[in-house]
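Asks: Got a sequence here, can you build the structure:
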Amino acid sequence: MLTRILRRRARADGDTGIALIVVVSLTAVMLIAVGAALTSATSGLQQAVAAQGSTRALDAAYAGVQDYITKLNADSTYPQYGNPQSSFSSTSTVSLPAATNRAFSLDTGPNSTWQNVPIPGLSTVGSYRYEVDNSLYGSSGLLRVRSTGRFGPYVRTIVASIQQQGFINYLYFTDFETQDPAVTGQSSCANYLWSTTSRNPALCPTIQFGARDVLAGPIRSNDTLTVCGATFNGSVTTSNPNSPIVNTPTGCAAGTYNGSQPTYAPVLAMPPTNTAMKAQTYADTATNPGCLYTGPTQITLNSDGTMTVVSPWTRATAVTSTGGVAPNSAPAQCGSLQALHSTTGATIPVPANNLVYVQSVPSTAGDPNYTATTAVPGPASGSWPAGTTYTCTGSSASPIAGSNGSAGWTFSDAKSAIRYPLAGRARPRTGATRRTARCGTPPRPPTAAGTATSS
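Replies: Coordinates of the predicted model:
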């Protein structure tokens, strides 16, 4: 009996050991499965966080590009700015702007001075900085911007190509390749040669690029270009949709295109007024103000990269957007007033990537460049430095006629006299128009629209 019971216990103990092994094995398998699931979930969460952080860093990088474009739209001189210490700008000529821009920082430390940008839906912020390559800007108007965005430990970088669309980017730009309808009196001249509403060439002479013309820069016209053997060392763009894209008159040689063959581009609209351009000279709003000159002005471009400016009616080359005088009304880069008021003129470097604007003499007494006159010709006593005289010649608004026009102005001092137009100057070639400065009537002083350049 006892032997039978012991045998039964022995059999029972054997079964119990096997069950324990099975339970332990199943538990281990379950733990491994749970661990694998946790590992997978943790890895997925980490990947999601990394993807989210990387996406937000990329958003910050795009915000940097948009910030640069915004500054570029507000200031046409902005392509000259960048950090010269950047390797991305090694082939460029850049400098830091006078106004601090944290986005040009190259600091990568934890307390860096990158430009912060809010991240939508989050209380935290990302940041960006950018570098500029303007090496192709002079030849093609192309800018490359490398923008780096950062969000926490995540950093993303993009390179964007930006090309401004504006007439000021071209060495030569025209809307119509013909005389101004205001000069010809023919409203039909305000039509493109390629359009269905054609203009009459007999009434609207077409500008022609001759064999001696060499243009070293980007050229663009909304009209059809007429080329007779000219040389183009830069890009040539026209809005003529027809073929051939450039007109070569009978008996003329085809143009020489050392940059690239002429290409098509849509019509580029001219600004409605000159106000936007003049704003680039305002000392209080423009990042790098240009030079403002007033009245009959002579600008001579010299071979050494300088220009000589004679502008006797100019009283302030720097004004504010509200019509006031800037703290420095005659900055050195625009020439001293004493030099501008002499026949010798002020010789200054040609502004790099900047604007020179010549305005008519203001008729408002409160304007910084207003000059009171009591008679025409000649200014009021005390308006000019001792020994200088200014007189208007000929009729008040007539264009140059014949080979020796008389309408214009004469400015003289103890050294010499300057006349515009020059005595004996030949009539401009067909298709080109030269107008003289005009003399007003009291109380408004003489005015001149644009520059009068003597050669």
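Asks: Double-check Thr157 against Arg146; I have them as touching.
Replies: Yes - between Thr157 and Arg146 there is a contact under C-beta atoms under 8 Å: 6.4 Å. Just so you know, the C-beta spots here come from the backbone N, C-alpha and C atoms, and that holds for glycine as well.
Asks: ok, these two, which is more surrounded?
Replies: The neighbour count for Thr157 versus Arg146, taken as other C-beta atoms under 10 Å, is higher for Arg146 (20 against 17).
Asks: I'd assumed Arg156 was in contact with that one.
Replies: No - in this structure Arg146 lies outside contact range of Arg156 using C-beta under 8 Å: 11.5 Å.
Asks: which stretches of the stretch 151-300 of the chain have low pLDDT?
Replies: For the stretch 151-300 of the chain, the stretches with pLDDT under 70 are 164-165, 271-273, 287.
Asks: How are the helices of it distributed by residue range?
Replies: Taking DSSP state H, counting those that start in this stretch as the test, the helices found in the stretch 151-300 of the chain are 181-184, 275-278.
Asks: Could you list every helix and strand in contact with the last one?
Replies: Contacts defined by 3 or more C-beta pairs under 8 Å, 6 or more residues apart in numbering; DSSP states H and E place helix 275-278 against strand 356-359.
Asks: Paired strands for the strand it packs on, with orientation please.
Replies: Here strand 356-359 is paired, per DSSP bridges, with strand 291-294 (parallel).
Asks: Name the surrounding residues that touch the partner strand.
Replies: Residues from elsewhere that reach strand 291-294 (C-beta atoms under 8 Å, 6 or more residues apart in numbering): 278, 281, 309, 311, 313-319, 333-335, 340, 351, 354-362, 369, 451.
Asks: Okay, domains of this structure per the record?
Replies: Following automatic domain parsing, one finds the domains of the chain at 48-163, 165-270.
Asks: average pLDDT across stretch 308-326?
Replies: Stretch 308-326 comes out with an average pLDDT of 89.
Asks: So which bits of it are buried?
Replies: Along stretch 308-326, these residues count as buried under the neighbour rule (16 or more other C-beta atoms under 10 Å): 308-320, 325-326.
Asks: Now for the closest residue in space to Val132 that isn't next to it in sequence: which residues touch it?
Replies: Once flanking residues are discounted, Val132 sits nearest to Gly82: 3.6 Å by C-beta to C-beta, 6 or more residues apart in numbering. Counting by C-beta under 8 Å, 6+ apart, Gly82 touches Ser89, Ser92, Val94, Ser95, Leu96, Phe104, Glu131, Val132, Asn134.
Asks: Quick check: phi and psi at the fourth one.
Replies: Main-chain torsions, Ser95, degrees, to the nearest 10: phi -150, psi 160.
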